[in-house]
Structures are given as structure tokens and as C-alpha cells.
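1. Curious how this folds, go ahead:
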Amino acid sequence: MSVSIEKAALRKHLLEKRDATSAELREITSMQIHENLKKNTIFTNAQNIACYFPIGSEVDTHGIMLDILKKGKNLLLPKVIGDNIEFYIVPNLEKLEKGHFEIMEPKDNCEKAKKIDCVLIPTVGASKLGVRLGYGRGYYDKFLSSTDAVKISLTYSKQIIKSIPNDSHDIKMDWIVTEDENIQISQVR
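-> This next block holds a predicted model:
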């Protein structure tokens, strides 16, 4: 079986599992993930933090985004440009509008980010070896291959599995943050 077919089946299974979790439990778990993220010195020491606007049953990042802004740090959010994502500085959440895939994106008058210290990444599934399973469109892997920012996967602990099939273009995470733990994958500079 090809890696892409294996990934598609695994993605379907993990999304069904995540979607079956109640909204209340996802909200509580997302808050616990935020608390664990605040214990990660890479995140707390970062000034330019790339995040994502949550959709569906993803880890809710609203509290994280508001916390970044409240601390006077630069909140960077992605915008789909062609086949790529680019990050823009968002001074407040009113600077967002619906973009590709009906996801909130920075408005055109937001400034493009010049520096990114760490990237918080939406995750369908992950292994403790740092292999991340995304939605299969490749936007994040393409972006992550071109940045030296610290890569932090945000995911529910039940989305951590023993192994995930991977290709040469898949980018490993430096950290995985769940409601239960901060998992360091690689020594970060």
C-alpha cells in the first residue's frame, strides 16, 4: 500500500475520532494545551509567534492568540497565496477575514512577517518521533521546509499514535504539546 493511501486512511480515522469528541471536552482540553504551552520556554521566550485560526475540531487557539497579543508579542497568522501559505502580522483579531477553505486569514493590509521564532501547527495526528499528519494538502510541510522557526504541534493526546507513514518531504516537529505533556522531539538551538 502506498504511503499516501495509508495516510489518507489514517487521517480519516483520526478525524472521525477527533470530531466525535464533545465540544465541551475539546474546549477544556484546548485550555489544558494552552496551559502546557505556557510551560514551554521556547514559546514563552518567542517574540514572533506563528499560529493558526482553528476550524472544526482542531485545538482551539483563540486563548493562545489573545494571550500572544496581550503580552505585546507579534501574532502571525497564515494566508494562502497560490499553493503556499505566508504569515502576516495580525495586530488584533478584527484584522481577519474569510479566506481559502472558509478559514479566517489576515486582511490584505496586514504586514508580511519578516521573522518567525516558533510556529504552532494544526495537527490531525502525530507520533512521538515528531512525524505529523496534517490534512494532506502540503501547505505546512512546504512552508516548514523553508523556515528555521521552532515547530510546535498542538494536538490532543488521543491523536498521538505509535507510528505515522511518512515521505521524504514530511517535516518533523521539534515539540508536540498535548493536554498531558510537552514532548520534546529534537534539541532546539
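2. in its sheet, what does the longest strand seen in the chain sit against?
-> The single longest strand within the chain, with elements called by DSSP state E, is strand 74-81. Strand pairing for strand 74-81, using DSSP bridges, gives strand 48-50 (parallel), strand 84-89 (antiparallel).
3. buried set for the helix or strand following the first one?
-> The reference is to strand 48-50. Sequence order places helix 62-70 as the next helix or strand after strand 48-50, per DSSP states H and E. Buried residues in helix 62-70, counted by 16 or more other CB atoms under 10 Å: 64-65, 67-68. C-beta coordinates here come from the backbone N, C-alpha and C atoms, glycine included.
4. Can you convert those into a markdown table and add a column each for pLDDT and distance to E6?
-> Shown next, in a markdown table, are the buried residues of helix 62-70 (pLDDT from 0 to 100; distance: CB to CB, whole Å):
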| residue | pLDDT | distance to E6 |
| --- | --- | --- |
| I64 | 98 | 31 |
| M65 | 98 | 33 |
| D67 | 97 | 37 |
| I68 | 98 | 36 |
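5. Out of these, the closest to E58 would be?
-> Among those, I64 lies closest to E58 (CB to CB), at 11.8 Å.
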